[in-house]
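Chemist: Generate a structure from the sequence data that follows.
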Amino acid sequence: MGELLWPGDARAGDVLTDEAFLAAMVRVEQAWLDALVGAGLASTPAVLTVPPLRGIADGTESGGNPVIPLVKALRAQSPDVHRGLTSQDVVDTALVLCLRDVVDRVLVDVERAARTLGALAREHRGAVMVGRTLTQYAVPITFGLKAAQWLSGLAEADAGLRRVRAELPVQVGGAAGTLAAVVELGRDREDPVGTAVALVHAVADGLGLGDGTPWHTRGRNPLAATADALVRLADALGHLGADVALLSRPEIGELREGAGGGSSTMPGKANPVLSILLRRHALAAPQLAATLHLAAATYVDERPDGGWHAEWDTLATLGRRSVVAASQAADLVAGLVVDTARMAARVAEAGETLRAEQRSMSGGSSDGDYLGATDLFIDDILGRAARVWENL
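Modeler: Numbering: from 1, shown residues only. A predicted model of the protein is given here:
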């Protein structure tokens, strides 16, 4: 069920819901328990089952995070659950797992939108339309170039998302990020520190994540970088939505959404709903990333008093909204109606206004199409996009 105040939320499905996050925390605990058993540091293996959400949610306030009631519930399944970990290890790694799911979902719809935009750029590379700067007529462009520029924004955002996804790390550091408890578990081994590090590697491998030194307070880069990549996508989608909304105004009418939304009081009115919802996301997303950066900047000690806690719901909100926006964008461009006749009529109507710069450059002549390197730019963008998405 979606949220009433964020139309389209249902598109995100179970991504970063409470249920999904609880399941991700159990995955982390399972991976750690398996690593302990595999290293001979725990004697009670178990296939952990996800406890009822309500019981965990009801117990979060007393300790300030959901891991405390979760561990209590899981220890009924194995007393070795959570040995050597701390709450932040579980929360952070579970967040990383959920963010990976977000990025995977987003990338699917970004590709879907990109393939449509590639086709539009090719189909309309010669469809001349008026270019507008600062709300006024400027010089001629083609709709193929406009579609290619939208595509370029998606390609750049896609590259950033793929980069952060590949770098998402596990978080295992123990109470203060020193692995002291894990080293203590292996104190009878020839190399207790090496044993502890090997456990971290095993968990990272089991979860398909990177490993490295704990990042309890160190910049929070894995989370902030993922948020920034999602916001760059929001920027690109906001540009797309704003352009479509503007060009679908009745007095312009060069584009329209294939399935525009209706009005509660005006029959026949077709609002560019998906475009509007993309703009909404683009307006709201940067503030969510700003919250994460502010939280990171105020981190103190080896676990902060509030900054860490501010991240969780912020990331969940940004993640779900990003999934929604990518899906809406793919549907928007798939159904986009391009009125090239209206574009041509607008060019004819603008007349010599569009040729003013050309005349100033040529000493009075206004011959030729005056499209400059438009074809070259379209080909360049399509070529770069084809290296991202095969057979685009």
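
Chemist: If you rank every helix and strand of this protein by mean pLDDT, what lands last?
Modeler: The least trusted helix or strand in the chain, going by mean pLDDT, DSSP states H and E, turns out to be helix 356-362, with a mean of 88.

Chemist: Can you name the residues in contact with the very next helix or strand once past that helix?
Modeler: Using DSSP states H and E, the helix or strand that follows helix 356-362 towards the C-terminus is helix 374-388. Outside of helix 374-388, the residues within contact range by CB atoms under 8 Å, 6 or more residues apart in numbering are 114, 118, 121-122, 125, 141-142, 144-145, 148-149, 151-152, 154-155, 158-159, 392. For glycine as for every other residue, the C-beta is placed from the backbone atoms N, C-alpha and C.

Chemist: With stretch 171-181 instead?
Modeler: 32, 83-86, 88-89, 92-93, 96, 182, 193, 196-197, 199-200, 203, 211, 213-217, 302-303.

Chemist: In terms of pLDDT, where does Asp369 sit?
Modeler: On the pLDDT scale, Asp369 is placed at 88.

Chemist: which residues does it contact?
Modeler: Residues near Asp369 by CB under 8 Å, 6+ apart: 128, 140.

Chemist: run the last query once more with 10 Å
Modeler: When contacts are counted by CB atoms under 10 Å, 6 or more residues apart in numbering, Asp369 touches 126, 128, 140, 142, 358.

Chemist: List just the nearest of those to Tyr370.
Modeler: Gln358 (4.7 Å; CB to CB).

Chemist: Count the neighbours of that closest one for me.
Modeler: Residues within reach of Gln358, counting by other CB atoms under 10 Å, total 19.

Chemist: Give me the secondary structure label for Val139.
Modeler: Using DSSP: H, G, I helix; E, B strand; the rest coil, the three-state assignment for Val139 comes out as strand.

Chemist: Around it, how many other residues sit close by?
Modeler: Number of residues near Val139 (other CB under 10 Å) recorded here: 18.

Chemist: Going along the chain, name the helices of the protein.
Modeler: In the chain, helices defined by DSSP state H lie at 18-38, 53-58, 60-63, 67-74, 87-123, 143-167, 180-185, 192-207, 221-247, 273-297, 307-334, 340-350, 356-362, 374-388, listed in chain order.

Chemist: Ok, which of the ones you listed comes nearest Glu3?
Modeler: helix 307-334 (8.9 Å).

Chemist: related to what we said a few turns ago, in CSV: the contacts of Asp369, plus distance to Leu233.
Modeler: Below are these laid out as CSV (distance: CB to CB, whole Å):
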residue, distance to Leu233
Gly126, 30
Val128, 30
Pro140, 30
Thr142, 25
Gln358, 36
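
Chemist: Can I have the buried ones of those residues as a ChimeraX selection?
Modeler: Of the contacts of Asp369, the buried ones can be selected in ChimeraX as follows, counting by 16 or more other CB atoms under 10 Å:
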select :128,140,142,358
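
Chemist: Look up the closest residue to the residue most central in space within the chain, ignoring the ones flanking it.
Modeler: Of all residues in the chain, the one closest to the mean position by CA atoms, centre = their mean is Leu230, 3.4 Å from it. Leaving aside its sequence neighbours, Leu230 sits nearest to Ser322 (CB to CB, 6 or more residues apart in numbering; 4.5 Å).

Chemist: Ala227 is in contact with the one you found, correct?
Modeler: Yes - judged on CB atoms under 10 Å, Ser322 makes contact with Ala227 at a distance of 9.3 Å.

Chemist: Common neighbours of those two, please.
Modeler: With CB under 10 Å, 6+ apart, Ser322 and Ala227 have common neighbours 99, 285, 288.

Chemist: which of those lies closest to Ala326?
Modeler: Nearest to Ala326 among the shared contacts of Ser322 and Ala227, with distances taken as CB to CB, is Ala285, at 11.9 Å.

Chemist: In space, what's closest to that closest one - neighbours in sequence excluded?
Modeler: Nearest non-adjacent residue to Ala285 (CB to CB, 6+ apart): Ala234, at 3.8 Å.

Chemist: Help me confirm that that neighbour comes into contact with Gln328.
Modeler: No - using CB under 10 Å, Ala234 is not in contact with Gln328; the gap is 11.6 Å.

Chemist: Residues that sit against both of those two, list them.
Modeler: With CB under 10 Å, 6+ apart as the test, Ala234 and Gln328 both reach 278, 281.

Chemist: circling back to that earlier point, neighbour-wise, which of Ser322 and Ala227 wins?
Modeler: Ranked by neighbour count (other CB under 10 Å), Ser322 and Ala227 place Ser322 first, with 31 against 27.
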